[in-house]
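Asker: Here is the input, now give the coordinates:
(one chain, ligands or ions: 1)
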Amino acid sequence: MVRTVVWDDESVVLIDQRRLPQEESYLRCRQPAEVAAAIRDMAVRGAPAIGVTAAFGIALGVRRSTAEGAALRRDLEGVCEQMRVTRPTAVNLFWAIERMRRRFAADEPRGGAAVREGLLAEARAILEEDLASCHRLGDLGAELITHPSRILTHCNAGALATAGYGTALGVIRSAARDGHVLGVFADETRPYLQGARLTAWELTKDGIPTTLIADNMAGHMMATGQVDLVVVGADRIARNGDVANKIGTYSVAVLAKENGIPFYVAAPVSTFDLTVASGAEIPIEERSAEEVTHHGGRRMAPAGVAVRNPAFDVTPSRYVTAIVCEKGVARAPYGESLRALAEA
Ligand code: MRU
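Answerer: Next comes the predicted model:
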């Protein structure tokens, strides 16, 4: 199994996802600024993986500080801010930062050494809990797949996007273990190609039969009866069940509904944001024009053309058949079911 984020010898080690699938190489971050840059520049990506990485980045920053008392708290706030500004949409980042802040406050009365140990223990706990959540929600999601099925997924919600196993790909892995995966369609996921580069890499490595398609082929596959269900991950789930996920997810959900195909979302509770009433309040990251105009370093569009590159979209909850988390399966009305699971 791929190790997405590892703490080793006072540094954060990440599989460099920008280099996949050509090269399996690792990036060693010895400074919190390097961890922040790795998140911003997509060496590590995927909502839970970003949260886990930021937690280790915060632990690293505070462990490298020799300050005590109020000065150590200022250093904590500085490194939290470094992490906070990396990417705006995945709520797991802000959830992890808050958890690290709370741990700091709990250990602060016992002094700097206790704080430094405590923060590392908390980051390790966040990683282990995410891994356990992925296995649990994978198994719960697999229970929804009662017979051998053809599954479509979008982007990469796999081991690479989490502490391991994955959310949407966790469901697929558990279903494959149960003999219920006939095949997976992986949307390539333009413009950053997480589906082509990462999902296809992970699933074929696991021996799960995978077929890569361009995003604009999903509707055809559904309309011609080649897809039994869709499962995707999420970057943030609002109180009413609206789901922010990789750009293109909304189109897939609408197509699924049009074709009478279940559309499942798999995400841990750390992806719920019950402070936002609906998807309209979720900030959508806008990335560089070059991701759209260029491919493999080569220009594919005329210089000077106007470009938009929203990295995520919001799927209204009316298109979501169910949301699977580690505590159970939520269905509409999501206002009630998500709260009940979050508080369980
Ligand atoms: O821009 P990315 O690659 O970080 O976007 C990732 C996604 O949209 C994933 O589907 C989402 O984070 C769920 S990961 C378990």
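
Asker: Helices of the stretch 1-150 of the chain, start to end?
Answerer: Using DSSP state H, counting those that start in this stretch, the helices of the stretch 1-150 of the chain run over 32-40, 47-64, 69-84, 91-107, 112-142.

Asker: Could you check those and tell me which one is nearest the ligand?
Answerer: With Cβ to the nearest ligand atom as the criterion, the ligand lies closest to helix 47-64 of the helices of the stretch 1-150 of the chain, at 3.6 Å. In short, each C-beta sits where N, CA and C put it, glycine included.

Asker: coming back round to it: would you point to the one among the helices of the stretch 1-150 of the chain that's packed deepest?
Answerer: Most buried of these, by mean neighbour count (mean count of other Cβ atoms under 10 Å): helix 47-64, with a mean of 28.

Asker: In CSV: the helices of the stretch 1-150 of the chain, plus distance to the ligand and mean pLDDT.
Answerer: Shown next, in CSV, are the helices of the stretch 1-150 of the chain (distance: least, Cβ to the nearest ligand atom, whole Å; pLDDT from 0 to 100):
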stretch, distance to the ligand, mean pLDDT
helix 32-40, 9, 98
helix 47-64, 4, 98
helix 69-84, 15, 98
helix 91-107, 8, 98
helix 112-142, 8, 98
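
Asker: Switch these over to a markdown table; also include distance to Glu10.
Answerer: Written out in a markdown table, the entries for the helices of the stretch 1-150 of the chain read as follows (distance: least, Cβ to Cβ, whole Å):
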| stretch | distance to Glu10 |
| --- | --- |
| helix 32-40 | 12 |
| helix 47-64 | 7 |
| helix 69-84 | 15 |
| helix 91-107 | 17 |
| helix 112-142 | 9 |
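
Asker: Please identify which of those is closest to Arg308.
Answerer: Arg308 lies closest to helix 32-40 among these, at 19.9 Å (Cβ to Cβ).

Asker: got the CA coordinates for that closest one in PDB?
Answerer: Extracted C-alpha coordinates of helix 32-40, given in PDB (Å, rounded to 0.1, in the frame of the first residue of the first chain):
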ATOM      1  CA  PRO A  32       7.300  23.900   7.600                       C
ATOM      2  CA  ALA A  33       7.700  26.200   4.600                       C
ATOM      3  CA  GLU A  34       8.600  23.200   2.500                       C
ATOM      4  CA  VAL A  35       5.500  21.400   3.800                       C
ATOM      5  CA  ALA A  36       3.300  24.400   2.900                       C
ATOM      6  CA  ALA A  37       4.900  24.600  -0.600                       C
ATOM      7  CA  ALA A  38       4.300  20.800  -1.100                       C
ATOM      8  CA  ILE A  39       0.500  21.300  -0.400                       C
ATOM      9  CA  ARG A  40       0.300  24.500  -2.500                       C
END
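
Asker: what's near enough to touch the nearest residue to Arg30 once chain neighbours are set aside?
Answerer: Leaving out its chain neighbours, the residue that sits closest to Arg30 by Cβ to Cβ, 6 or more residues apart in numbering is Ser11, at 4.7 Å. Applying Cβ atoms under 8 Å, 6 or more residues apart in numbering, we find Ser11 in contact with 28-30, 60.

Asker: ok, 7 Å please
Answerer: By Cβ atoms under 7 Å, 6 or more residues apart in numbering, the contact set of Ser11 is 28-30.

Asker: From those residues, pick the one nearest the ligand.
Answerer: Of these, the one sitting nearest to the ligand (Cβ to the nearest ligand atom) turns out to be Cys29, at 17.5 Å.

Asker: I'd assumed Val12 was in contact with the closest one.
Answerer: Yes - Cys29 lies in contact with Val12 (Cβ atoms under 7 Å); the separation is 4.4 Å.

Asker: Comparing the two, which residue is more hemmed in?
Answerer: More neighbours surround Val12 than the other of Cys29 and Val12, with 27 against 22 (other Cβ atoms under 10 Å).

Asker: Let me know whether the more buried one touches Gly61 as I believe.
Answerer: No - if you go by Cβ under 7 Å, Val12 and Gly61 don't touch, sitting 10.4 Å apart.

Asker: Enumerate the residues of this structure near the ligand.
Answerer: Taking Cβ under 6 Å from any ligand atom as the measure of proximity, the chain contacts the ligand at 45-48, 90, 155, 157, 161-162, 167, 194, 233-235, 245-246, 311.

Asker: ok, now which ones touch Leu338?
Answerer: By Cβ under 7 Å, 6+ apart, the contact set of Leu338 is 237, 239, 241, 272, 274, 323, 330.

Asker: Let me know the closest of these to Ala301.
Answerer: Ile237 (33.7 Å).

Asker: Just the mean pLDDT for the helix or strand containing that closest one, thanks.
Answerer: Using DSSP states H and E, Ile237 sits within strand 236-238. Regarding strand 236-238, the rounded mean pLDDT is 98.

Asker: Stretch 205-225 too?
Answerer: Average pLDDT, stretch 205-225: 98.

Asker: now swap in stretch 7-19 and tell me
Answerer: 98.

Asker: Tabulate the CA atom coordinates of that stretch in CSV.
Answerer: What follows is stretch 7-19, C-alpha atoms only, in CSV (Å, rounded to 0.1, in the frame of the first residue of the first chain):
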residue,chain,number,x,y,z
TRP,A,7,7.0,11.2,9.6
ASP,A,8,10.7,10.2,9.5
ASP,A,9,13.7,11.6,11.3
GLU,A,10,12.2,15.0,12.2
SER,A,11,10.9,15.6,8.7
VAL,A,12,7.7,15.0,6.7
VAL,A,13,8.2,12.6,3.7
LEU,A,14,5.7,12.7,0.9
ILE,A,15,5.3,10.7,-2.2
ASP,A,16,5.7,13.4,-4.9
GLN,A,17,2.3,13.1,-6.7
ARG,A,18,3.4,15.5,-9.4
ARG,A,19,5.8,12.9,-10.8
